[in-house]
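Colleague: build me a model from this:
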Amino acid sequence: RGVLVADSVRGTIAGIDISGRGRLGLVEGRSGSAQFDFGGASLVGLRPLLMGVSDTVLVRDDLTDLDREFLRLQGIEPDTLPAAIDVRLDGSAEGSATVSGRIQDFELGMVLDVFDGAYRENTVDTIRIGLTAASLPARTGEWQIGASAHGIEWAGRTFQRGGFEADMIQLGGDGRIELVRRDREAYRAVGSFEIDSIGGRVEISEGSARVEDLVWEVTEPSRIEWDAASLSVDRLRLRREGTDPMQLVAAGTLTRGGESDFRLDIDGLHLERLMQVLQIEDPEVGGHMDLDLALTGPAEAPRIDGDLEVLGARYETLGLTRIAGTLGYSARTLDFDLGGWDGIRPAVSFAGEFPVDLALRDVEERIVDVPMDVRLEADSLDAAIALSYI
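Modeller: A predicted model of the protein is given here:
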């Protein structure tokens, strides 16, 4: 009668146990609903789906000397095999799902919990994902997604917890994200997004970062767009108010094919706070930086012009009252002229031309094999400090 009925379904797919029961419509006008529970003690079986490699892939980390010789006899170079971290997929999962409607047009509701998850170098202690979707299997329906996680390590950075919410249609919609690294350090953004096969866009309507007593906020709506060859920023402005204000403004386009026109203006940036946000512990760099930077021209031969000033500059044990100067790049040559002062006394100057290829595309060698001309002059600097940089 156009309805698939299952009193009991049990099975295992990719190491995930599934059980359920219910009804599902097969033709127009006939509908039903079904409930499924699923779970697995290991996610390794999903490796072919998520990574495109076998769930029993051979990794070079586990090879003995005898294994290596045996592989070479078969014409396989052991060092070309992936490392264990490159194909790591660990953790356990459990969840439930409800399907209602007919097979050509159904709604899905699902809750998924993952414990001790790991995907390549990224890990999470626990994560819960909930979603509802309509008009499946097409992507034209409405989706609602929510996720919360604890004990996050992503791209070498750690966070206590994080959350994400989105309402979307066809990979576009409105969303909110929040990350908390530790007490009194949190980051959040609210806006809309749209993603396709070659790129996407994000429009930020609200955004903030808090590090202890300092708060930075996005002061006006901003759009960021990207594709395989370019990144465009429609005036991203980040500002910290108060007695020690700071402002960052980024605008323009960076492209690997065609003309770039990008500007970055920074006033009052605490380098120590930047290192903290980047999670570089015990930073060796400090100071209060102003920077005006412009990048223009074709991708294969861009031009860069910059003015730099750092008050209270510090690097390791070297401290100066002020560093200021200019940077420039064109024709595969970086020009720089920087000076440092100890009080009102000039203490060090660093100037010259350095051959380097900063094209916005892949090149065989960034360091150009031609002579350089670099001059360092110091007055009353600790000799060990000065010579260690050389």
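
Colleague: name the residue closest to the centre of the protein, please.
Modeller: residue 155 (6.8 Å; Cα atoms, centre = their mean).

Colleague: once you drop chain neighbours, what's closest to that residue?
Modeller: residue 122 (7.1 Å; Cβ to Cβ, 6 or more residues apart in numbering). For glycine as for every other residue, the C-beta is placed from the backbone atoms N, C-alpha and C.

Colleague: this structure: helices as residue ranges?
Modeller: 47-51, 65-73, 271-277, 383-389 (DSSP state H).

Colleague: beta partners for residue 157?
Modeller: Beta bridges link residue 157 to residue 154, judged by DSSP bridges.

Colleague: what is the burial count for it?
Modeller: 13 (other Cβ atoms under 10 Å).

Colleague: could you check how far residue 202 is from residue 134?
Modeller: Per Cβ to Cβ, to the nearest Å, residue 202 is found 24 Å from residue 134.

Colleague: do you know the pLDDT at the residue lying closest to residue 172 once chain neighbours are set aside?
Modeller: Excluding its sequence neighbours, the residue lying closest to residue 172 (Cβ to Cβ, 6+ apart) is residue 194, at 3.6 Å. With respect to pLDDT, residue 194 scores 92.

Colleague: correct me, but residue 194 touches residue 201?
Modeller: Yes. Residue 194 is within contact range of residue 201, at 5.3 Å (criterion: Cβ atoms under 8 Å).

Colleague: hmm, residue 138 and residue 106 touching each other?
Modeller: No. Under the criterion of Cβ under 8 Å, residue 106 makes no contact with residue 138, lying 10.4 Å away.

Colleague: ok so, going back, which residues does the residue nearest to residue 172 contact?
Modeller: Contact analysis of residue 194 by Cβ atoms under 8 Å, 6 or more residues apart in numbering lists 171, 172, 200, 201.

Colleague: out of these, which is most surrounded?
Modeller: That'd be residue 201 among the contacts of residue 194, by other Cβ under 10 Å, with 18 neighbours.

Colleague: hey, what's it bridged with?
Modeller: Here residue 201, judged by DSSP bridges, has bridge partners residue 194, residue 225.

Colleague: residues contacting it?
Modeller: 193, 194, 223, 224, 225, 226.

Colleague: for it, give its distance to residue 154.
Modeller: 22 Å.

Colleague: quick one: buried residues of stretch 346-362?
Modeller: Buried residues in stretch 346-362, counted by 16 or more other Cβ atoms under 10 Å: 347, 348, 350, 351, 353, 355, 357, 358, 360.

Colleague: how close does the third one get to residue 341?
Modeller: Just to be clear, that refers to residue 350. Applying Cβ to Cβ to residue 350 and residue 341 gives a distance of 13 Å.
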